[in-house]
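Participant: could you work out the structure for the sequence below:
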Amino acid sequence: MLDSLKNALKVSELKTKLLYTLGMIFIFRLGAHIPVPGVNTERFAELVSSGMIFGFFDVISGGAFKNFSIFAMSITPYINASIIMSLLQVVIPHLERLAKEGEEGRKKITEYTRYLTVALAFIQGLGMVLGVKGSLYNPGVLAFIITAITITAGTTFLMWMGEQITEKGIGNGISLLIFAGIVSRVPSGIGKLVEYLNVGTVNVLSLVLLVVIGGLVIAGVVAVQEGQRRIPVQYAKRVVGRRVYGGQTTHLPLRVNQAGVIPIIFASSLLMFPETIVKMFQNSAVAVFYGKFLGWGTVGHTLMYALLIVGFTYFYTAIIMNPVDVADNIKKYGGFIPGIRPGRPTADYITRVMGRITLFGAVFLALIAILPSFVLLATQIPNIYFGGTSLLIVVGVALDTMKQMESHLLMRSYQGFIK
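Facilitator: A predicted model of the protein is given here:
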């Protein structure tokens with residue numbers, strides 16, 4: 001592993017990408033400690049500590065939410081905007097045409113996503129400010145608007161940072177920012193567990209059980225993330241001039257979890273948005289109903305969270321993996337799946353196989369996401385925010401980033417990280 005890391009640092013291009021990514025993450029962590037002017041951060045921190053949804057939001061933002069910094073909303077408005085644009089591509093023909101136009105079309109969709117992100121960030125920021133208006137030193141219309149604009153600007157800057165990391169650094173920029181936010185909370189989480197142990201709130205057995213559960217979750221995430229169903233593909237021999245092409249047997253790898261950690265991030269961000277908006281109308285009947293039946297920690301919220309994850313897993317898998325295109329490409333190059341006719345029957349077969357393995361992956365993601373509730377019952381350790389969802393995001397992003405580094409090393413004939 002250390003030798004592979006040394007090899008990675010010898011490649012100037014990869015070294016530049018790594019340093020650029022680390023520099024951007026450093027700026028992100030620095031901004032997480034710059035508070036928004038006019039906010040009583042101590043009073044706001046007390047409010048955050050009182051709610052599970054706020055606590056989880058704080059983990060995702062890497063402490064920026066609890067500090068009510070300029071990055072308090074993290075990157076969630078951008079994720080919500082991406083979800084909406086993905087859904088609109090299925091409904092609006094113009095967006096569907098843009099998605100099929102290649103690079104230029106994708107650039108236009110990205111531009112629309114940015115505009116929508118700014119709008120959603122301002123709405124969500126205004127709802128957040130109105131929900132915690134007691135934390136402002138001088139509450140008023142002007143203070144609400146200025147504070148909302150400030151954190152909207154912070155989210156917009158994070159969106160730009162994420163795009164720059166994706167383009168000039170290593171890994172997916174948005175996912176890496178979320179990864180950095182979660183990992184930054186690990187030391188404080190460990191400190192809190194030690195404090196609980198010292199005061200007698202938890203015992204050693206509970207901590208051991210927590211570590212065992214965490215290890216099993218990590219092993220399960222790695223197994224599912226790396227799991228594949230390999231469909232054999234046979235290519236017929238072709239004679240072109242004096243050369244013979246094809247004739248070999250290969251396989252089509254279908255990942256168990258084709259969507260990665262995206263469904264978890266999508267579902268979490270989507271559920272945070274109405275929670276923030278409801279805070280604008282704290283004493284209304286709608287807010288009371290939402291808090292009682294759909295609020296964070298309720299059965300309704302947990303069920304909705306799990307269903308959204310399953311739905312987004314299928315949705316995102318359908319976007320990135322089109323069985324018809326795969327079947328056409330196999331047929332185009334003279335390939336076929338043994339026992340299956342080329343063309344439409346091949347596409348139908350791939351669809352059936354993908355449907356079965358995606359179901360397993362989606363249910364696994366949903367179980368991991370709702371795991372903290374069961375861990376709390378098993379260990380009796382309060383306020384476990386670094387739960388299954390956080391572990392899934394951290395492990396998934398780490399694996400994806402490592403694979404990108406692996407590809408850079410293998411292109412230059414170095415031994416990679418994965419053996």
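Participant: okay, and the beta partners of the spatially closest residue to residue 354 that is not a sequence neighbour?
Facilitator: In space, and not counting its chain neighbours, residue 354 is closest to residue 254: 5.9 Å by CB to CB, 6 or more residues apart in numbering. Backbone N, C-alpha and C define where each C-beta goes, glycine included. Beta-bridge pairing for residue 254 (DSSP bridges): residue 229.
Participant: count of neighbours near residue 254?
Facilitator: 21 (other CB atoms under 10 Å).
Participant: please apply the same query to residue 37.
Facilitator: 11.
Participant: who's in contact with it?
Facilitator: Residue 37 makes contact with residue 150, according to CB atoms under 8 Å, 6 or more residues apart in numbering.
Participant: just the element for it, please.
Facilitator: Assigned by DSSP states H and E, residue 37 belongs to neither a helix nor a strand.
Participant: again with residue 213
Facilitator: With DSSP H and E as criterion, residue 213 is part of helix 204-226.
Participant: equivalent analysis for residue 67, please.
Facilitator: Counting by DSSP H and E, residue 67 is part of no helix or strand.
Participant: surely it meets residue 36?
Facilitator: No: if you go by CB atoms under 8 Å, residue 67 and residue 36 don't touch, sitting 9.0 Å apart.
Participant: strands of the protein, start to end?
Facilitator: Here the chain has its strands, by DSSP state E, at 228-235, 238-240, 243-245, 249-255, 335-336.
Participant: out of the ones you listed, the one nearest residue 194 is which?
Facilitator: Among the strands of the chain, the nearest to residue 194 by CB to CB is strand 249-255 (38.3 Å).
Participant: how about that closest one: buried residues?
Facilitator: If you call a residue buried by 16 or more other CB atoms under 10 Å, then strand 249-255 has these buried ones: 252, 254, 255.
Participant: mind listing what the first one touches?
Facilitator: The reference is to residue 252. 230, 231, 232, 233, 326, 330, 337, 350.
Participant: distance of residue 128 from residue 171?
Facilitator: Distance of residue 128 to residue 171, computed by CB to CB, to the nearest Å: 29 Å.
Participant: to clarify, my last question referred to residue 224.
Facilitator: Noted for residue 224: a distance of 20 Å to residue 171, by CB to CB.
Participant: picking up where we left off before, want to throw the contacts of residue 252 into a markdown table with pLDDT and distance to residue 212?
Facilitator: Converted to a markdown table, the contacts of residue 252 look like this (pLDDT from 0 to 100; distance: CB to CB, whole Å):
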| residue | pLDDT | distance to residue 212 |
| --- | --- | --- |
| 230 | 87 | 32 |
| 231 | 86 | 36 |
| 232 | 87 | 38 |
| 233 | 86 | 41 |
| 326 | 84 | 40 |
| 330 | 83 | 44 |
| 337 | 85 | 42 |
| 350 | 89 | 38 |
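Participant: now neighbour count and distance to residue 209 too, for those residues, in JSON lines please.
Facilitator: Compiled in JSON lines, those are given as follows (neighbours: other CB atoms under 10 Å; distance: CB to CB, whole Å):
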{"residue": "230", "neighbour count": "10", "distance to residue 209": "36"}
{"residue": "231", "neighbour count": "20", "distance to residue 209": "40"}
{"residue": "232", "neighbour count": "12", "distance to residue 209": "43"}
{"residue": "233", "neighbour count": "19", "distance to residue 209": "45"}
{"residue": "326", "neighbour count": "19", "distance to residue 209": "44"}
{"residue": "330", "neighbour count": "23", "distance to residue 209": "48"}
{"residue": "337", "neighbour count": "20", "distance to residue 209": "46"}
{"residue": "350", "neighbour count": "22", "distance to residue 209": "42"}
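Participant: name the nearest of these relative to residue 298.
Facilitator: residue 350 (39.0 Å).
Participant: wait, the closest one touches residue 327, no?
Facilitator: Yes: under the criterion of CB under 8 Å, residue 350 makes contact with residue 327 at 6.3 Å.
Participant: where does the chain have low pLDDT?
Facilitator: 1-9, 45-66, 237-247, 273, 276-277, 279-283, 295-297, 372-389, 411-419 (pLDDT under 70).
Participant: what residue lies at the spatial centre of it?
Facilitator: Nearest to the mean C-alpha position of the chain, counting by CA atoms, centre = their mean, stands residue 265 at 3.6 Å.
Participant: which residues does that residue contact?
Facilitator: The contact partners of residue 265, taken as CB under 8 Å, 6+ apart, are 79, 175, 178, 393.
Participant: save the residues you listed as CSV, and put in distance to residue 275 too.
Facilitator: Below are the contacts of residue 265 laid out as CSV (distance: CB to CB, whole Å):
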residue, distance to residue 275
79, 15
175, 22
178, 18
393, 19
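Participant: inside helices: which ones of those?
Facilitator: 79, 175, 178, 393 (DSSP state H).
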